[in-house]
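S.K.: only geometry, no sequence info:
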């Protein structure tokens, strides 16, 4: 089993000479064969980032053990590391409201094998998509959210995420803001799709804003959710061309396509351990 | 001579049934042959927009006379019209500072015959591009602009624009803001290129802003200059993909390509009477 | 009911002066209000193309009757016309084999109201997508196709298309070639999606061909199916950027996204009477 | 001086475990600091590719000496390597005929500092661009090429390239085919721009071919010139959207923009040692 396990490490920390050689040497000394290694130095901030993917040699050490030792090794270099094993597929919860386009898109891609992770639950403040979730064999958790009971609803959400050991939350056009408390307590990444080219048209009704301003391109932005709404690190963005002929309804329709593609790409990259967030930015090793 | 004259009318006004038929009928009754007719109805505002291009029949009426009569006809429909004759190429002044990429791009395209208009002057607050202008046979007018004498400088600019009968000003990375007074007194269109995807990163140093925010696309926006800086009607926009590997210097280099293309496209469309501005938006009949 | 009926006419024929005025005048004289009118003259071939969309005035003539009279009028101008009524939604049959991405995409868009037509049947040479079809409430017709009995299978297909009064067939990665006999007997449009940027990589396994050639972009092409495989009039094309890192499997995955988008756009345009095929080309009034 | 010298090595050869570690270790042991290291394994062919860029430490060994030793080291690993020093800017000759858009674009970018190399000569079979070359201070070599004396002309070209120690030839819409003899005798890379999305529309008049076929995208392809015309390894490609409204003249105009951008990008990448050709493909470390 361990023969074919691949490990992916995401590292970052203060830049210093010889990091590439040390990391490669460490892997090689343990019989690992590096498939990909990509790094980036942020010269302004003096930070080094690396993604290393290697096949773990069969041997006395289990891949899990190698991962732990790599973590200690990284720490000895003054770096922070997170390691993923190809044998452990991250568990993903999708939050939805009423709009279904991003949900179907994610579910179909998951079923087509496009993601290195598994959808395990759909959580919603509405009942609308229950049947759709069922058609993919996905458990649907209806947790209504009302202003006066938002705290209680979020406690239920958190409990569920913990019980299901969810490692990634995807907000697939979920129309509620997750509180800073929930984000903090969950402590794992949350990816959101915003239907504009951020930082343009942050906030509500971005297609109406875009139409009112008369822009010639509309966009979508996938980002990690943080305490500051629409301000989290951007993972991916794309745009589509519009003209004066397109009314708000057209922008909404065209935007759906953008949202689907941009969100799916961000989720795919995240699940392949290609995204490293630092400050309010990301490094994407694509 | 008049045999081959084509006229292009840009019309707009309150929508009403039968406008397409009336305009087409008017042209046909005068022996004109419509080459293109494109229209748009803004349902929200109840405004009708049209671009009609036709070959003027040889006959007792000169094309100029036909144009005048068309104007009167449009007025009788409650519409505003502007008409261009293929035999009268608009005269264009280019404002530059030190950056030369947009200037060379415009000049080379003009020389290659890509524009339905002619560059007739280069106006600058610096001497840097005098030699470049000369290499294209273009008169260079050095008008220094200092905070304390900006009014006087603008009066010289205005005088020059009037003397040269300039019908379009292109701000090709001109690093001074034209005052509301100058814009008002000139009273003809001014196209500016802003080096971001407006409304994101309005104001100064947009590439630095983009880099700091960690966006994954950078943009450029060509718009009509109005009293409100960076708020004028957008004519054209485009974007390019960037990654964490691109520093500000790279964004500047990649942005130059965007700026050139976006500005040239906007100028081409404007000179072909394809752009109709209303409110803070444009209709582009491309 | 007839109050809100809109008609869309697609016209083409030999170019001649006054066509725009005559058509607009005809509509206006019958109380119609033109919403959009777009035309194109192919100067090389001397052919005039027009798409006119108008609201039919309530009155003694039913919209269907207006449509018939328009047809006669067009004929009197030496033009061919086809007219669609907003109250008559075209009936669409989707042909599939085993790949499901284009099918789900079309079905979801249809359900989201993106198409001006209705899916009425799924026809397949395999049983694989029967359950998927059912989940959208779509009848599934399993018609196996074997080399030795292809003629019989096609007769069954044709019978079904006629019985269901299908007006458009969409080949959504259907892995059988429709014979010239079937295409001729059906006599209505058939849209196919080819998974390459035609004319590059016509024929089978285009992603393998693209990979072997080392191209930096892969594409997809939606076209009308004709007797000449992969040679029919192109409706829409798009591409995606690939690198040396992408193996054939990646091209296939990325290609799925292209195929979905390109096919859906072509189908949408067709159903909105925006596509006029002539010779081996199309005019798309978008 | 040697303090700031950076070296870039491009390596390829049979894949084997530990290559990344060995190369990084070799550099580190000599006090070098790796700025970027990117690699790729072609699993089908079992070939390993790497680009390593490092700052050479000041010390007893000159950068040139380090480069030579690295070459020997690579050979000991069974790899082929080529090494570039940041202090040695490649010398580039541009071949042109009458079209000037790619030439001006390359010259302006070179002057703007966008290339890690220097234009040193313009060679042409026509006199048309002599003045343009002079305006950039570039020597212009007029070498007419006629069918009956092509061999003699190519001998003059080769002599010139050798005398000037040219390391890269760029065919900037040069309308003559370089013979296999010249390519072989020169023995250094030659980049060509073809005005179509290869392999579609190889050969002459690609815009006419594209127009005749009715494609919805036109393209441009930069590739290394080889004995097989239009078959060399592709470095970069891009496309632009066209419609039925665009005649051949428009395609030509729009194509100029594509050609400029695609060729400039390919030349930039090549001069930064980012392109590794093998077989009829390229690995581009961008």
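M.R.: Received the coordinates, thanks. These numbers come from a predicted model, not from an experiment. Numbering: from 1, shown residues only, chains lettered A, B, ... in the order given.
S.K.: Three-state assignment for residue A:16, please.
M.R.: coil (DSSP: H, G, I helix; E, B strand; the rest coil).
S.K.: which residues touch it?
M.R.: Neighbouring residues of residue A:16 by C-beta atoms under 8 Å, 6 or more residues apart in numbering or on different chains: A:48, A:77, A:78. From N, CA and C alone the C-beta is placed, and that goes for glycine too.
S.K.: could you turn the buried ones of the residues you listed into a ChimeraX selection?
M.R.: Applying 16 or more other C-beta atoms under 10 Å in any protein chain shown to the contacts of residue A:16, the buried members can be selected in ChimeraX as follows:
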select /A:48,77
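S.K.: show me the contacts of residue A:16 that map onto strands.
M.R.: With DSSP state E as the criterion, strands contain residue A:48 from among those.
S.K.: closest to chain D out of the contacts of residue A:16?
M.R.: Nearest to chain D among the contacts of residue A:16, counting by C-beta to the nearest C-beta, is residue A:48 at 10.4 Å.
S.K.: grab the nearest non-local neighbour of that closest one.
M.R.: residue A:15 (4.0 Å; C-beta to C-beta, 6 or more residues apart in numbering or on different chains).
S.K.: and residue A:121, by the same measure?
M.R.: Residue A:121's closest residue in space is residue A:93 (C-beta to C-beta, 6+ apart), at 4.5 Å.
S.K.: ok, residues contacting the helix or strand bottoming out on mean pLDDT in chain A?
M.R.: Ranked by mean pLDDT, DSSP states H and E, the helix or strand of chain A with the weakest confidence is strand A:33-42, at a mean of 89. Contacts with strand A:33-42, where a contact means C-beta under 8 Å, 6+ apart, come from A:6, A:15, A:19-20, A:23-24, A:27-28, A:47-55, A:57, A:283, A:285, B:244-245, D:17-21, D:35-39, D:41.
S.K.: same question, stretch A:264-278
M.R.: For stretch A:264-278, contacts defined as C-beta under 8 Å, 6+ apart pick out A:8, A:10, A:12, A:47, A:49, A:51, A:82, A:84, A:90, A:92, A:105-106, A:109, A:114-117, A:168, A:170, A:189, A:191, A:193, A:222-224, A:233, A:235-236, A:282-286.
S.K.: what is the rounded mean pLDDT of it?
M.R.: Averaged over stretch A:264-278, pLDDT sits at 97.
S.K.: now do stretch A:164-180
M.R.: The average pLDDT within stretch A:164-180 is 97.
S.K.: next one: that stretch to chain centre, how far?
M.R.: 11 Å (C-alpha atoms, centre = their mean, to the nearest Å).
S.K.: for the helix or strand harbouring residue A:131, packing partners?
M.R.: According to DSSP states H and E, residue A:131 maps onto helix A:130-135. For helix A:130-135, the packing partners by 3 or more C-beta pairs under 8 Å, 6 or more residues apart in numbering or on different chains; DSSP states H and E come out as helix A:101-111, strand A:140-142.
S.K.: for residue A:199, which of those is the nearest?
M.R.: Closest to residue A:199 of these is helix A:101-111 (C-beta to C-beta; 21.4 Å).
S.K.: now do that closest one against helix C:101-111, angle only.
M.R.: With axes from the mean of the first three to the mean of the last three C-alpha atoms, to 10 degrees applied, the angle from helix A:101-111 to helix C:101-111 works out at 160 degrees.
S.K.: now do the buried residues in stretch A:135-153.
M.R.: For stretch A:135-153, a neighbour-count test (16+ other C-beta under 10 Å) marks A:136, A:138, A:140, A:141, A:143, A:145, A:153 as buried.
S.K.: wait, what's in contact with the fifth one?
M.R.: Residue A:143 is in contact with A:123, A:124, A:125, A:153, A:156, A:157, A:160, counting by C-beta under 8 Å, 6+ apart.
S.K.: surely residue A:179 touches residue A:154?
M.R.: Yes - Residue A:179 lies in contact with residue A:154 (C-beta atoms under 8 Å); the separation is 6.0 Å.
S.K.: out of these two, which sits in the more crowded spot?
M.R.: Neighbours were counted for residue A:179 and for residue A:154 using other C-beta atoms under 10 Å in any protein chain shown; residue A:154 has more, 20 against 13.
S.K.: quick one: the residue lying closest to that one once chain neighbours are set aside and residue D:167, what's the gap?
M.R.: The shortest distance from residue A:154 to any non-neighbouring residue, by C-beta to C-beta, 6+ apart, is to residue A:182 (4.5 Å). For residue A:182, the distance to residue D:167 equals 60 Å [C-beta to C-beta, to the nearest Å].
S.K.: please, which helix or strand holds the residue nearest to residue A:154?
M.R.: Applying DSSP H and E as the criterion places residue A:182 in helix A:180-186.
S.K.: which residues of chain A lie near chain B?
M.R.: A:40, A:42-44, A:49, A:197-201, A:213-217, A:219, A:233-239, A:243-245, A:247, A:279-284, A:286 (C-beta under 8 Å from any C-beta of the partner chain).
S.K.: try it again at 6 Å.
M.R.: For chain A, the residues in contact with chain B (C-beta under 6 Å from any C-beta of the partner chain) are A:40, A:199-200, A:213-214, A:216-217, A:234, A:236-237, A:239, A:244, A:281, A:283.
S.K.: for whichever helix or strand residue A:123 is part of, which outside residues touch it?
M.R.: Here residue A:123, judged by DSSP H and E, is contained in strand A:118-124. Strand A:118-124 is contacted by residues A:89, A:91-96, A:110, A:133, A:138-142, A:164 when judged by C-beta atoms under 6 Å, 6 or more residues apart in numbering or on different chains.
S.K.: residue A:84 - how many residues pack around it?
M.R.: Counted with other C-beta under 10 Å, residues neighbouring residue A:84 total 21.
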